[in-house]
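Undergrad: quick one: sequence and predicted model below, then my questions.
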Amino acid sequence: MKGSKTVFVCSECGYTNPKWLGRCPECSSWNSFVQEVVAEPSSKKSIPSAPVSNNKAEKLSELTVTEYFRSKTGMDELDRVLGGGLVEGSVVLLSGEPGIGKSTLLLQISSELSRGRKVLYVSGEESRGQLKLRAERLGIAGDSLYLLTETDLDVVLVECERLRPDVLIIDSVQTLSSERFTSAPGSITQVKETSMALISYAKTFGAAVFLVGHVNKEGGISGPKVLEHMVDAVLYFEGERTNSYRIIRAIKNRFGPTNEIGVFEMSDRGLVEIPNPSEVVMAERPKNTSGSCAGCVMQGTRPIISEIQALVTKSAYSSGKRTSDGFDYNRMCLLIAVLEKRMGLKFYENDVYLNVAGGIHLDEPSADLSIAMALISGITDKVIPDHLIAFGEIGLAGEVRAVSHIDYRVKEAVRLGFTKLLIPKKNLTKTLRRYEGVEIVGVENIYEVLVHMVKREQDGLL
């Protein structure tokens, strides 16, 4: 009988060592080693033989493009993130904070996917009674939807062989384990081996597989990093549990773009799609208030109008406090430094609080101009016209640089009723479509926006 031994495995890269190390010598991660018990290999050595395979190398010019069959999930927002629908034989990893709505979303799309197809929903965290109650609350019923509460991988695979489902949902992969491995469920070995078995099943039988993944205390996906490399798509559920809005973002996608997002709202009846998130965000925008400016960012092919709020108050200490929510803190400090150096504004005497309304995170340089205008408005107490929107990247010299997808941004701003647009002068080309009653102004530097922030009679301000 084979013995067993204790090793320490890095949770980030899978590197093994007989002793615990504070830092992994392979990936340089700190405090990433976890203890596992593995079986010792057999001492008998055999001479490996050459594998027999019919697989041969082919010329690139002779290869044909495979037409992937996509299935609609019943939610256009999720289909957008997946690249147009769920691909047959693909493996999708869905991760997010506890209680964010992962199980609710998958149970909702199971109702649509079960029409004409078999769907097997495997839960290792909830009982059948709990799943039934949630399905009744969401109004889900389907003859082709099967529920299985099991944590043994071997039992799940046997049931898959019997049912041959077209869609397999595992909630969650950290709860599955196999008796072939001595480590505990959720360990590096168990997560890696169970995922490999499920991926092999998906590729062999052409079933689409959803894997629900837990997150660790740092916010990353729990388990080995190789898990994200093995699957075809990695989706991350974002949002605060105290906020009703949820965002699904594609971190990796082999069958579509990785910069698309889907926006949802959590309600009593489950997750509800928000096809026009810009309208929802701007509907609650206050009127005639300083420190508020509208901006536009691109999330894939979708332009999203967002409201940037800046509050600048006198600091009670020698150095001002800086707080940013929804925008990179270091980028905000850089913009404040540019405004102090180039325009002489004394932000160092004040506390600065920056917020992006609606829980949206702006990670695009085109938000620089609207954020800078909100900061100027906050410190000078000048009200920016409600019908004005600005987008552009700001350099260290105070110049406004060009941004991409200018036509999409302008079209979305006009659709929401903005009549004055401040854009980089480099984007003000002849090919830019003009709209009746809309003033499109090109600016070269941050100084040129000041004249558009002054109260004028024709602006209709108080």
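TA: It's in.
Undergrad: please enumerate the helices of the stretch 251-400 of the chain.
TA: 277-283, 329-343, 368-380 (DSSP state H, counting those that start in this stretch).
Undergrad: quick one: the longest one to helix 368-380, angle?
TA: Relative orientation of helix 329-343 versus helix 368-380 (axes from the mean of the first three to the mean of the last three C-alpha atoms, to 10 degrees): 70 degrees.
Undergrad: just the residues contacting helix 329-343, thanks.
TA: 322, 324, 345-348, 352, 354, 368, 371-372, 375-376, 394, 396-398, 446-447 (C-beta atoms under 8 Å, 6 or more residues apart in numbering). From N, CA and C alone the C-beta is placed, and that goes for glycine too.
Undergrad: how far out from the middle of the chain is that helix?
TA: The chain centre lies 27 Å from the centre of helix 329-343; the measure is C-alpha atoms, centre = their mean, to the nearest Å.
Undergrad: the last one too?
TA: Per C-alpha atoms, centre = their mean, the displacement of helix 368-380 from the mean C-alpha position of its chain is 27 Å.
Undergrad: packing partners for it?
TA: strand 292-299, strand 302-314, helix 329-343, strand 350-356, strand 388-390, strand 393-394, strand 420-424 (3 or more C-beta pairs under 8 Å, 6 or more residues apart in numbering; DSSP states H and E).
Undergrad: average pLDDT for the longest one, rounded please.
TA: For helix 329-343, the mean pLDDT works out to 95.
Undergrad: try stretch 248-257
TA: When pLDDT is averaged over stretch 248-257, the result is 89.
Undergrad: and residue 458, what's its pLDDT?
TA: 43.
Undergrad: what of residue 350?
TA: Reported pLDDT for residue 350: 94.
Undergrad: give me the distance between it and residue 379.
TA: Using C-beta to C-beta, to the nearest Å, residue 350 is found at 7 Å from residue 379.
Undergrad: same question for residue 250.
TA: From residue 250 to residue 379 the distance is 38 Å (C-beta to C-beta).
Undergrad: burial count for residue 436?
TA: 5 (other C-beta atoms under 10 Å).
Undergrad: is it true that it lies in a helix?
TA: No - Residue 436 is assigned coil when assessed by DSSP: H, G, I helix; E, B strand; the rest coil, not a helix.
Undergrad: any stretches of the chain with poor pLDDT?
TA: Within the chain, the segments meeting pLDDT under 70 span 1-4, 38-53, 65-68, 240-242, 454-462.
Undergrad: so which residues make contact with the helix ranked longest in it?
TA: Ranked by residue count under DSSP state H, the longest helix found in the chain is helix 188-205. Residues outside helix 188-205 that contact it (C-beta under 8 Å, 6+ apart) are 9-11, 14, 34, 36, 38, 89-91, 153, 157, 160, 164, 168, 170, 173-174, 176-178, 180-181, 183-184, 207-209, 211, 222-224, 226-227, 230-231.
Undergrad: how close does residue 327 get to residue 54?
TA: In terms of C-beta to C-beta, residue 327 sits 55 Å off from residue 54.
Undergrad: higher neighbour count, those two?
TA: Per other C-beta under 10 Å, whichever of residue 327 and residue 54 has more neighbours is residue 327, with 21 against 4.
Undergrad: which residues sit in contact with the more buried one?
TA: Applying C-beta under 8 Å, 6+ apart to residue 327 gives the contacts 308, 354, 356, 361, 362, 367, 371.
Undergrad: buried ones among these?
TA: With burial judged by 16 or more other C-beta atoms under 10 Å, the buried subset of these is 308, 354, 356, 361, 362, 367, 371.
Undergrad: for those residues, give me JSON lines that also has distance to residue 428.
TA: Putting those into JSON lines (distance: C-beta to C-beta, whole Å) gives the following:
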{"residue": "308", "distance to residue 428": "22"}
{"residue": "354", "distance to residue 428": "28"}
{"residue": "356", "distance to residue 428": "26"}
{"residue": "361", "distance to residue 428": "29"}
{"residue": "362", "distance to residue 428": "23"}
{"residue": "367", "distance to residue 428": "19"}
{"residue": "371", "distance to residue 428": "21"}
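Undergrad: burial check on residue 174, number of neighbours?
TA: For residue 174, the tally of surrounding residues (other C-beta under 10 Å) stands at 21.
Undergrad: cool, and residue 446?
TA: Number of residues near residue 446 (other C-beta under 10 Å) recorded here: 24.
Undergrad: my guess is it meets residue 394, correct?
TA: Yes - counting by C-beta atoms under 8 Å, residue 446 touches residue 394, with 6.3 Å between them.
Undergrad: what touches both of these two?
TA: Common neighbours of residue 446 and residue 394, counting by C-beta under 8 Å, 6+ apart, are 338, 369, 372, 400.
Undergrad: make TSV from those and add neighbour count and distance to residue 408 to it.
TA: As requested, the shared contacts of residue 446 and residue 394 are exported to TSV (neighbours: other C-beta atoms under 10 Å; distance: C-beta to C-beta, whole Å):
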residue	neighbour count	distance to residue 408
338	21	27
369	27	17
372	26	22
400	28	19
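Undergrad: mind listing what's buried in the strand or helix carrying residue 247?
TA: Residue 247 is part of strand 245-253, with elements assigned from DSSP states H and E. Neighbour-count burial for strand 245-253, counted by 16+ other C-beta under 10 Å, picks out 245, 246, 247, 248, 249, 250, 253.
Undergrad: could you find the closest non-adjacent residue to the fourth one?
TA: Across the structure, with C-beta to C-beta, 6 or more residues apart in numbering as the measure, the residue nearest residue 248 apart from its sequence neighbours is residue 262 (4.3 Å).
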